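Asker: just coords:
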């Protein structure tokens with residue numbers, strides 16, 4: 001049996017919606033990796049991936065075949081989803097809700113699988129671009145998931161100073177990520 005190319009698969013979705021599952025499995029890892037490299041956050045990457053595929057399914061009738069791969073179209077949807085979430089500072093879940101999909105529940109296995117898709121090197125590179133005090137605070141709070149009291153004790157400063165460093169660091173990271181995204 002011949003494996004259908006993306007154009008054939010997406011054409012089938014119009015009459016057989018379950019065919020979208022094959023398309024999803026074909027691109028899930030690549031889309032998840034795309035988001036991990038850009039966010040460094042497995043939960044955020046999973047949410048963005050779910051919203052991307054929901055938006056793709058909702059717009060599949062408007063998909064125009066352009067060859068044997070739908071990757072450019074799908075990654076265009078992914079890029080739009082990411083930029084929209086960065087602008088709103090939250091993951092938009094309208095497409096997922098319209099389809100009646102439940103929010104993605106992340107268990108340890110899924111988080112580990114998402115984390116393996118990449119992102120560690122990108123996060124490290126972005127953290128190196130922050131001032132040292134902000135990088136330490138962001139790493140401790142966001143990556144190591146320490147509470148503010150513990151971080152303040154280790155850094156020998158107040159919790160409000162740590163909160164300010166984390167806030168400023170995350171703001172700078174968001175700006176850096178938007179700049180990278182726009183240059184791709």
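Answerer: Perfect, I can see it now. Here the structure is a predicted model, which is why all the values come from computation and not from measurement.
Asker: lowest-pLDDT helix or strand in this protein?
Answerer: Lowest mean confidence among the helices and strands of the chain (mean pLDDT, DSSP states H and E): helix 108-116, at a mean of 52.
Asker: ramachandran angles for residue 145?
Answerer: Backbone torsions of residue 145, given as degrees, to the nearest 10, read phi 60, psi 40.
Asker: residues near residue 157, how many?
Answerer: Residue 157: 15 surrounding residues under other Cβ atoms under 10 Å. Where C-beta positions appear, they are placed from N, C-alpha and C, glycine not excepted.
Asker: helix, strand or coil for it?
Answerer: coil (DSSP: H, G, I helix; E, B strand; the rest coil).
Asker: what of residue 146?
Answerer: With three-state DSSP as the criterion, residue 146 reads coil.
Asker: isn't it up against residue 139?
Answerer: No - assessed by Cβ atoms under 8 Å, residue 146 is found out of contact with residue 139, at 9.2 Å.
Asker: gap between the spatially most central residue of the chain and residue 133?
Answerer: By Cα atoms, centre = their mean, the chain has its centre lying nearest to residue 45, at 2.7 Å. Plainly put, residue 45 is 27 Å away from residue 133 if you go by Cβ to Cβ, to the nearest Å.
Asker: now the helices for the protein?
Answerer: All helices of the chain, identified by DSSP state H, fall at 6-13, 20-39, 42-58, 71-88, 94-98, 108-116, 120-128, 132-138, 148-155, 159-183.
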